[in-house]
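Participant: Fold the following for me, if possible:
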Amino acid sequence: MRIERFQWEGARATAVAVRQWAFGAWPSVDVAEIEQAFLDSGNRDETLLDFTARFDAAEPPLRTLRVDAAELADALSKVDSGLRASMELAAANIRAVAAAQIATEPTTLKLPQGQTVSIREVPLGAAGIYAPGGRAAYPSSVLMCAIPAKVAGVERIVLATPPRENGKVNPTVLAAAALCGVDEVYAMGGAQAIFALAFGTETIERVDAVAGPGNSWVRGAKAKVSSVVAIDSLAGPSELMVVLDGGVNPKWVALDLCAQAEHGEETSLVAVAADGDVLNRVAEETERTAASRSGVADAQLALVHAPDFEEAIGFANVFSPEHLELLVEDPQPLADATTTAGCILVGGHSATAFGDYAAGSNHVLPTSGAGRFSGPLGPGVFRRKISTVEVSAEAAAKLAPHVDTIARAEGFPVHGESAMIRTEP
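Facilitator: Residues are numbered from 1 along each chain as shown. Below you'll find the predicted structure:
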């Protein structure tokens, strides 16, 4: 594991230095070629099949991208009973948290002039969700994306996920899709899958929102289509920051850091403490733990020695980590002072793994500092607001002169006329 120590230069300067160090390890990608090939194609289905053969190495080449509904049902019936029970528990918790976020009753205001304005929420018609593939399968991402969409009331939920080398989607992913009531599954991944969901093809009807984690190619494609469909966020490589005091268990911390490192070498890991000895113990234990676990040795860990916990949280608020573990004796005041983390995990037993799988919170979280303006994936991504305005004759008489005045000042006199005519007998 690559470990770097950072001298304290103030919360903002230190956060910038750590971010620049972490970002330097990320590859830059350009999805423009894939987008152009897709948009210019005379047959988008064929283009998708070609990209799938190139990037996912399906052999024999796929002839259709859609996974038959019977295959989903079969996957759910055959999934290990213990795994199914665990997924059902996680699904129930995710569903309960998502349901708590839905506003089902419209808000109606009667304003002083007599008009009423009502705001109500309605679900989007169709949602596309993305579950990564490649070296691992992510049924948990299916649960995290599909359940909030279902709770939001979306009628049609479409899953895109890369096939394995044999051209088949991982059966555990299919079981999770069946468990959540996903309507359509397509064996496609990467940037081309995002473009297919956003723009549609000969057989895939376009969706209204795209959500779910992915690699740099998926992130780049979501950025491209964000003016065409709603997206959850531009989530990049995973991040975990831990704030520690002298009472921390180094073995627990080391496993938390190495667990997050399983997401890949681009993962950003940061340990912050006001005690240099604590950082040393955690660094040593993390190196030992990483050396005996496969797939985590290439991760990078930044060690930050903060003057005190107040400064440590100031650093965290500038850095805006995806996950923030507060492994201190009295974590709640620090949690209350944290304003930008995607998910705050409070206390020694609150490992990030619980939030990633079964606690009920969502693991699709803002990364790369996006916590400054966005939060966890929830049903709100799959709903939109509608305003309904009713102006009575009495309200029209009171409002029209003001509408006329403002409209004429803007150079739109007919706007004013259309309001004023409502005041005539």
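
Participant: Need the residue closest to the centroid of the chain.
Facilitator: In the chain, the centroid-proximal residue (CA atoms, centre = their mean) is Val364; its distance is 3.3 Å.

Participant: Show the model's pLDDT score for that residue.
Facilitator: For Val364, the model assigns a pLDDT of 94.

Participant: Quick one: distance of the longest helix seen in the chain to the chain centre.
Facilitator: The residue-count maximum for a helix in the chain (DSSP state H) belongs to helix 81-99. How far helix 81-99 lies from its chain's middle: 19 Å, per CA atoms, centre = their mean, to the nearest Å.

Participant: cool, and stretch 350-369?
Facilitator: 10 Å.

Participant: okay, and for the stretch 51-200 of the chain, where does confidence drop off?
Facilitator: Along the stretch 51-200 of the chain, the parts satisfying pLDDT under 70 run over 57-58, 134-135.

Participant: again, only this time at 90
Facilitator: By pLDDT under 90, the weakly predicted segments of the stretch 51-200 of the chain are 51-65, 103-106, 133-137, 164-168.

Participant: before we move on, back to that, who are the contact partners of the residue nearest to the centre of the chain?
Facilitator: Ser141, Met144, Cys145, Ala211, Gly212, Pro213, Asp232, Ser233, Ala235, Pro376, Leu377 (CB atoms under 8 Å, 6 or more residues apart in numbering). To be clear about C-beta, it is placed using only N, CA and C from the backbone, and glycine gets the same treatment.

Participant: Quick check: which element contains Ala70?
Facilitator: Following DSSP states H and E, one finds Ala70 within helix 69-78.

Participant: and the angle from the longest helix of the chain to helix 69-78?
Facilitator: Computed by axes from the mean of the first three to the mean of the last three CA atoms, to 10 degrees, the angle separating helix 81-99 from helix 69-78 equals 110 degrees.

Participant: tell me which residues in the very next helix or strand once past helix 81-99 are buried?
Facilitator: Remark: after helix 81-99, the chain's next helix or strand is strand 107-110, criterion DSSP H and E. If you call a residue buried by 16 or more other CB atoms under 10 Å, then strand 107-110 has no buried ones at all.

Participant: From Ile313, how far out is Gln260?
Facilitator: Per CB to CB, to the nearest Å, Gln260 is found 20 Å from Ile313.

Participant: ok, back up a step: can you pick the most crowded of the contacts of Val364?
Facilitator: Using other CB atoms under 10 Å as the neighbour test, the contacts of Val364 are led by Cys145, with 32 neighbours.

Participant: pretty sure that residue contacts Leu377?
Facilitator: Yes: applying CB atoms under 8 Å, one finds Cys145 in contact with Leu377, separated by 6.6 Å.

Participant: Need the overlap of contacts for the two.
Facilitator: Ala211, Val364.

Participant: On the three-state scheme, the closest residue to Leu72 other than its chain neighbours is what?
Facilitator: Counting by CB to CB, 6 or more residues apart in numbering, Leu72 lies nearest to Ala178, which is 4.1 Å off, once chain neighbours are set aside. When classified by DSSP: H, G, I helix; E, B strand; the rest coil, Ala178 comes out as helix.

Participant: Same question for Arg5.
Facilitator: With three-state DSSP as the basis, Arg5 sits in strand.

Participant: can you pull the contacts of it?
Facilitator: Contacts of Arg5 by CB under 8 Å, 6+ apart are Leu279, Ala302, Leu303, His305.

Participant: Filter those residues down to the buried ones.
Facilitator: Leu279, Ala302, Leu303, His305.

Participant: these two touch, right, Gly247 and Glu329?
Facilitator: Yes: when contacts are counted by CB under 8 Å, Gly247 is listed as touching Glu329 (5.6 Å).

Participant: Please enumerate the helices of the stretch 101-250 of the chain.
Facilitator: 139-152, 171-180, 190-199, 216-225, 250-261 (DSSP state H, counting those that start in this stretch).

Participant: elements contacting the second one?
Facilitator: Helices and strands in packing contact with helix 171-180 are listed as helix 69-78, helix 81-99, helix 139-152, strand 156-161; criterion 3 or more CB pairs under 8 Å, 6 or more residues apart in numbering; DSSP states H and E.

Participant: ok, now with 6 Å
Facilitator: The criterion is 3 or more CB pairs under 6 Å, 6 or more residues apart in numbering; DSSP states H and E, and the helices and strands that helix 171-180 contacts are helix 69-78, helix 139-152.

Participant: Tell me which residues are up against the first one.
Facilitator: When you say that, I think you mean helix 69-78. Under the criterion CB atoms under 6 Å, 6 or more residues apart in numbering, residues Pro171, Leu174, Ala175, Ala177, Ala178 lie in contact with helix 69-78.

Participant: Ser292 versus Leu255, what's the distance?
Facilitator: From Leu255 across to Ser292, the span is 11 Å (CB to CB).

Participant: residues in contact with stretch 279-297?
Facilitator: Met1, Ile3, Pro250, Val253, Ala254, Leu257, Cys258, Ala261, Glu262, Ala271, Ala273, Leu303.

Participant: What sits closest to the third one if chain neighbours are left out?
Facilitator: Looking back up the chat, that one is Pro250. Using CB to CB, 6+ apart, the nearest residue to Pro250 is Glu285, at 4.0 Å.

Participant: What is the neighbour count of the one you found?
Facilitator: Glu285 has 19 nearby residues by other CB under 10 Å.

Participant: So for it, what's the pLDDT?
Facilitator: 96.

Participant: moving C-terminal of the helix or strand hosting it, what's the next helix or strand?
Facilitator: Per DSSP H and E, Glu285 falls inside helix 276-291. On the C-terminal side of helix 276-291, the closest following helix or strand by DSSP H and E is strand 300-305.

Participant: Next, the angle helix 250-261 makes with that following strand.
Facilitator: Using the same axes, to 10 degrees, strand 300-305 lies at 140 degrees relative to helix 250-261.

Participant: CA-only coordinates of the next helix or strand after strand 300-305 in CSV, if you can.
Facilitator: Counting by DSSP H and E, the next helix or strand C-terminal to strand 300-305 is helix 309-319. Backbone C-alpha positions of helix 309-319 (Å, rounded to 0.1, in the frame of the first residue of the first chain) are rendered in CSV as follows:
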residue,chain,number,x,y,z
PHE,A,309,-10.6,17.7,16.1
GLU,A,310,-12.1,21.0,15.2
GLU,A,311,-9.5,21.5,12.5
ALA,A,312,-9.9,17.8,11.5
ILE,A,313,-13.6,18.4,10.7
GLY,A,314,-12.7,21.6,8.9
PHE,A,315,-10.4,19.6,6.8
ALA,A,316,-13.1,17.0,6.2
ASN,A,317,-15.6,19.7,5.2
VAL,A,318,-13.2,21.0,2.6
PHE,A,319,-12.3,17.6,1.3
